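K.L.:
here is my input, please return the structure:
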Amino acid sequence: MIQDIRLHGYVIASNERYEYFTNIVGPGVYTHFFYEQGKDNRGTNDRFFLSGNEIIIYSDRIYHQGNGGTFCEYMLGMDLPIKDVLKPDIHNRLVMYGAKYDERGERIIFTNNTTGQDTISRIFEEGHAFANYYFFIAGDIQGDGKTVQETLLRFTGKILKRVDLSSDLDGFLIAKKLYQEIGISRWTVFIIKLIDRYALDYYNKFSDIYQKRKSNLSENRESLEILAKQYKLSQSERTRLELDVIQKHPDNVSLVNNYKEVLALYSRKPNEETLLFKRNRIRTLASCQQIPAQLFDNLEQMLNHQAENVVLPDFVSEMQEHVKNLLSDSSTNQLTESDLRQLLQARAKALLQHYAKFDDILMELGKGYGGEKAQLFSIIVAHLERFQSAYEIINSVAFIDDYKLIEEQLYLLARTQDVIDNIKIGFFDELIFRNIARQYLNRYGQERLSRLKNSLQEIIIGEVMPSEIIKAIEKINSEARLRRLIDGHLRESVRDIYKEPLTKVEQEALRKEISGKLQKQGLINDLINSDLFATAIFALREEYLYLNDLLPQIVNNRDRQLRDDFLENSDLDRFRTEELEQQYFRSYKVSSEMLEWFAKEIRG
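P.N.:
A predicted model of the protein is given here:
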């Protein structure tokens, strides 16, 4: 007996860009007439219907009537409810027809108005970028429209919010799983999966490039540009697809999920300093992993509008007041060095705290002005944008091992330093270099930052060429890449190195062995430098010392000074130190009280 049917088609007049799969699972489906191709006053269409429910696919829109709703995987660009963020098993957005939240946004209210329509472009703009689902259920469901919807939500909500859609091809397995989970054999499940094939193809191409060569995306930009032009994808569509790939990469997913959780908690406790510290720390870690800041900015936009009792940071309030005074009728229309100093300090704090709304708030202040006031505001914006560009370049050089610095950027940095230091000697160093140096930098990041800092003044007075600085930083990056490779091979080759120190003979043999592997891969030409290799082995010994000796003492005795002394005198960077701490906490199931103390007193 036929238990399920799958129909495949393309949206009319879409040049096969949009395709759909209709899946029907239930008893006696072979006895029902449930689809037709036709034409009405809205245009030519493909219509699916049963028991008073219908979904009609037109060339530019989808019309629905009856029960059911839509669902899709959460994606950047969609509203992300805080309560869903705090439930790690929820992956999908579910929208029931005729449902809305109450005024407080806490409870769902159902209405009898379940008929509606959406344009296909809006479906992909406001929903998932390439895969969205429509569904309805035919059966003996009693009550009016809103009662039926409440009933269906109880039966379908849990599974549709949690089912993994990432590997679904055509919706069939989802339809079958939903039918089985409902457990009422006389009901029939309809699920239509609507796909944007162009967006999906771009997504898959970018995913393949990112998985294989994520540190060299720029080398593959041309092929992606050609594909985007062929498919007529806008820059915002491309960015959304690319950021989704990046956030789901295995190396990034844990960091991104932690950031979502911290944001959700921070939105409810905006004055909690520990959460602010965690948020900024995650963004710093993300810089090292070359995760675009825009990804985190978008996450904040998805959650910020739901925040309770939002209070602007002091530096934003001060910036607002200062700009308003400068643009007031009583001002002289002149930007003084004192004015610029205060505005730059506010911008630096916003960058340090990754406060993404700073620019929006600033631009709002400049609306409605003309003449001299508009010109003054443009000067303010130009100064802050130039400063931001300089900060972001230096931050990237410090935190990203493979960042490619170019001569134009060095000239921009030199000019910006010259302008800012005219306000106050050493002001550029104070606002940028010192602030970045206080953050989590490994040895190579510190070397790059120091080399760049010492070179800018030399560029200004003409004592050094930008190409020399670029080569010096590339040399540091080359050693950093080699060190990562050595660390990886060491961990694979000598799993008991923590317990038994290697003799000089064993160490030399291992250096030759790992050098041979890297030479075969074409990554190096000669033996690994003996000092570099010894440093890598010593770092592993330091990890063992910290994890098995010092950290238990720090935790048991609540000894912050011991940790500070270790970090001060060790070559182990803070990122790796915190990874070891997390490993220790998981292994020994440290109490929540101790974790809270550690977060506030040690890391805070």
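K.L.:
my guess is P466 contacts L413, does it?
P.N.:
No. Counting by CB atoms under 8 Å, P466 does not reach L413; the two are 9.7 Å apart. (Each C-beta comes from the backbone N, C-alpha and C, glycine too.)
K.L.:
D418 and I461 touch, don't they?
P.N.:
No. With contact defined as CB under 8 Å, D418 does not count as touching I461 (10.3 Å).
K.L.:
returning to that earlier point: compare P466 and L413 and say which is more crowded by neighbours.
P.N.:
Applying other CB atoms under 10 Å to P466 and L413 shows that L413 carries more neighbours, namely 27 against 18.
K.L.:
tell me which helix or strand that one sits in.
P.N.:
helix 407-421 (DSSP states H and E).
K.L.:
contacts for that helix, please.
P.N.:
With contact meaning CB atoms under 8 Å, 6 or more residues apart in numbering, helix 407-421 is reached by 344, 383, 386-387, 389-390, 393-394, 427-428, 431, 452, 455-457, 459-460, 466-467, 469-470.
K.L.:
what lies in contact with the helix or strand just after it?
P.N.:
Downstream of helix 407-421, the first helix or strand assigned by DSSP H and E is helix 427-428. Residues from elsewhere that reach helix 427-428, judged by CB under 8 Å, 6+ apart: R341, L344, A390, T416, Q417, I420, D421.
K.L.:
7 Å instead, please
P.N.:
Here helix 427-428 makes contact (CB atoms under 7 Å, 6 or more residues apart in numbering) with Q417, I420, D421.
K.L.:
higher neighbour count, D418 and I461?
P.N.:
The residue with more neighbours, out of D418 and I461, is D418; 14 against 8, by other CB under 10 Å.
K.L.:
tell me the pLDDT of the more buried one.
P.N.:
In the predicted model, D418 carries a pLDDT score of 91.
K.L.:
how about H305?
P.N.:
53.
K.L.:
D46: what secondary structure?
P.N.:
State at D46, reduced to three classes by DSSP: H, G, I helix; E, B strand; the rest coil: strand.
K.L.:
please tell me how far the residue lying closest to it once chain neighbours are set aside sits from I123.
P.N.:
Setting aside the residues directly before and after it, D46 is nearest to I57 in space (CB to CB, 6 or more residues apart in numbering), at 4.7 Å. Using CB to CB, to the nearest Å, I57 is found at 11 Å from I123.
K.L.:
more crowded one of these two?
P.N.:
The neighbour comparison of I57 against I123 (other CB under 10 Å) goes to I57, with 24 against 19.
K.L.:
and the next helix or strand past the helix or strand hosting that one?
P.N.:
Per DSSP H and E, I57 falls inside strand 53-58. For strand 53-58, the following helix or strand on the C-terminal side (DSSP H and E) is strand 61-65.
K.L.:
alpha carbons of that next one, as CSV, please.
P.N.:
Output of strand 61-65 as CSV, limited to C-alpha atoms (Å, rounded to 0.1, in the frame of the first residue of the first chain):
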residue,chain,number,x,y,z
ARG,A,61,4.4,34.3,-4.2
ILE,A,62,3.0,31.6,-2.1
TYR,A,63,-0.6,31.7,-0.8
HIS,A,64,-1.8,29.5,2.1
GLN,A,65,-5.2,28.8,3.7
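K.L.:
now do that strand, average pLDDT.
P.N.:
Averaging pLDDT along strand 61-65 gives 96.
K.L.:
next secondary structure after that strand?
P.N.:
Of the helices and strands lying after strand 61-65 in sequence (DSSP H and E), the nearest is strand 69-73.
K.L.:
give the contact list for the residue nearest to Q334 when sequence neighbours are not counted.
P.N.:
In this structure, Q334 finds its nearest non-sequential neighbour in L376, 7.9 Å apart by CB to CB, 6+ apart. For L376, the residues meeting the contact criterion (CB under 7 Å, 6+ apart) are L326, L327, N333, L335.
K.L.:
would you mind putting those residues into CSV with distance to L255 and pLDDT alongside?
P.N.:
What follows is these, written out as CSV (distance: CB to CB, whole Å; pLDDT from 0 to 100):
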residue, distance to L255, pLDDT
L326, 39, 90
L327, 40, 89
N333, 46, 80
L335, 40, 88
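K.L.:
which two from those end up farthest apart in space?
P.N.:
Spanning the widest gap among the contacts of L376 are L327 and L335, at 10.9 Å by CB to CB.
K.L.:
who has more neighbours, the two?
P.N.:
Each of L327 and L335 has its neighbours counted (other CB under 10 Å); L327 has more, 19 against 16.
K.L.:
state the distance from the residue nearest to the more buried one when sequence neighbours are not counted to I380.
P.N.:
Counting by CB to CB, 6+ apart, L327 lies nearest to K373, which is 5.3 Å off, once chain neighbours are set aside. Plainly put, K373 is 11 Å away from I380 if you go by CB to CB.
K.L.:
neighbour count: the two, which is higher?
P.N.:
I380 (21 against 17).
K.L.:
wait, isn't the more buried one in contact with Q334?
P.N.:
No. Assessed by CB atoms under 7 Å, I380 is found out of contact with Q334, at 11.6 Å.
K.L.:
hey, where'd the helices end up in the stretch 501-604 of the chain?
P.N.:
Secondary structure of the stretch 501-604 of the chain, counting by DSSP state H, counting those that start in this stretch: helices at 504-520, 530-545, 551-557, 560-569, 574-588, 592-597.
K.L.:
what's the closest of the ones you listed to Q446?
P.N.:
Comparing the helices of the stretch 501-604 of the chain by CB to CB, helix 574-588 comes nearest, at 11.3 Å.
K.L.:
name the residues that touch that closest one?
P.N.:
L285, C288, Y440, N442, E543, Y546, L547, L551, L567, L595.
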